[in-house]
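Novice: I would like to see how this sequence folds:
(one chain, ligands or ions: 1)
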Amino acid sequence: MSKKVAIFGGGIAGLTAAHELVEKGFDITVYEKNEILGGKARSFLLNGNLNPTMQYAGEHGFRFFLHWYENFHDTLKRIPTKDNKTVYDNLVDVGEIQVDDFTFSFIESHPNPTKPPIAWLKAMLSSQKRHEEEFEQTTWDSYITSNLRGTESKEMIRFFQNTPKATASVHSTEASVKALAHTLNRFFTNNGLGILNAPTNDALFDH
Ligand SMILES: Cc1cc2nc3c(=O)[nH]c(=O)nc-3n(C[C@H](O)[C@H](O)[C@H](O)COP(=O)(O)OP(=O)(O)OC[C@H]3O[C@@H](n4cnc5c(N)ncnc54)[C@H](O)[C@@H]3O)c2cc1C
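Specialist: Model (predicted):
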């Protein structure tokens with residue numbers, strides 16, 4: 001008889017744990033307090049009757065999946081859909097994203113990632129000890145403004161101030177240098193992202 005496991009929370013973490021355990025033969029029950037699955041990544045159910053064929057009215061937030069999400073992509077490839085494909089096939093590559101008035105392009109990299117500013121390189125190449133002791137306490141905004149001013153164009157400074165919003169949903173005044181340096185490293189060395197071709201609950205969770 002397979003072992004029973006109860007998972008509380010039907011967000012990405014709970015559902016991923018459930019998926020892994022089901023594949024290993026456990027008998028899983030997921031308890032979710034919302035009326036639909038997905039947690040912070042869920043779609044919003046339609047209130048009213050704008051379009052009776054549409055179940056979902058919108059999303060909890062913007063939703064993109066960067067190319068470096070290797071484990072996440074691996075999970076998507078193991079979720080079959082009714083048409084004999086997998087949920088991974090619901091991901092579509094995008095060439096450009098816009099955050100406020102700022103556009104990040106993956107077609108013509110902007111700025112050129114082969115020429116990253118020295119300040120960013122310095123953060124990237126610093127020791128683990130410096131990241132833990134100094135960069136963990138330093139905000140990305142103060143680091144960028146004090147290190148780039150005078151050496152880089154205003155456009156470059158603005159680009160790096162806006163990057164945390166696009167890559168990690170966090171303001172540059174709140175993100176640490178430690179967190180952002182690593183995120184940016186991934187962003188520039190594994191350029192690109194995918195979005196889903198339907199509301200997240202249709203394309204990802206309801207399978
Ligand atoms: C606005 C916004 C935009 C984002 N955009 C992106 C993006 O583009 N790309 C990306 O990769 N990530 C993005 N994220 C981050 C990503 O959505 C989250 O990291 C992820 O959804 C978190 O999943 P989780 O399962 O850890 O937690 P949650 O999604 O918070 O799931 C926890 C679940 O547990 C349930 N729960 C809590 N307590 C109980 C209980 N006692 N009993 C039963 N159920 C319970 C909650 O209702 C919830 O459904 C974004 C986040 C936000 C807020």
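Novice: okay, CA-based contacts and neighbour counts for the rest of this
Specialist: Fine.
Novice: Tell me how far Ser43 lies from Ile36.
Specialist: Separation of Ser43 from Ile36 (Cα to Cα, to the nearest Å): 8 Å.
Novice: So between those two, which is more surrounded?
Specialist: The neighbour comparison of Ser43 against Ile36 (other Cα atoms under 10 Å) goes to Ser43, with 22 against 16.
Novice: Spit out the contact partners of that one.
Specialist: Counting by Cα atoms under 8 Å, 6 or more residues apart in numbering, Ser43 makes contact with 56-60, 199-201.
Novice: Ramachandran coordinates for the nearest residue to it once chain neighbours are set aside?
Specialist: The shortest distance from Ser43 to any residue other than its chain neighbours is 4.3 Å, reached at Glu59 (Cα to Cα, 6 or more residues apart in numbering). Per-residue torsions, Glu59: phi -120, psi 160 (degrees, to the nearest 10).
Novice: One more: Gly11?
Specialist: phi -80, psi -170.
Novice: Could you report the separation of the residue nearest to His131 when sequence neighbours are not counted from Phe159?
Specialist: Using Cα to Cα, 6+ apart and skipping the chain neighbours, the partner closest in space to His131 is Lys178 (5.4 Å). Distance, Lys178 to Phe159, by Cα to Cα: 18 Å.
Novice: So the two - more neighbours on which side?
Specialist: Lys178 (23 against 16).
Novice: that older thread, tally of neighbours for the residue nearest to Ser43?
Specialist: Glu59 has 16 neighbouring residues, counting by other Cα under 10 Å.
Novice: can you check Ile157 too?
Specialist: Ile157 has 19 neighbours, counted by other Cα under 10 Å.
Novice: secondary structure element for it?
Specialist: Assigned by DSSP states H and E, Ile157 belongs to helix 154-168.
Novice: Next secondary structure after the helix or strand harbouring Ala13?
Specialist: Here Ala13 sits within helix 12-23, counting by DSSP H and E. As assigned by DSSP H and E, the chain's next helix or strand after helix 12-23 is strand 27-31.
Novice: partners of the following helix or strand past that next one, with directions?
Specialist: Per DSSP H and E, the first helix or strand lying C-terminal to strand 27-31 is strand 43-45. Strand pairing for strand 43-45, using DSSP bridges, gives strand 56-59 (antiparallel).
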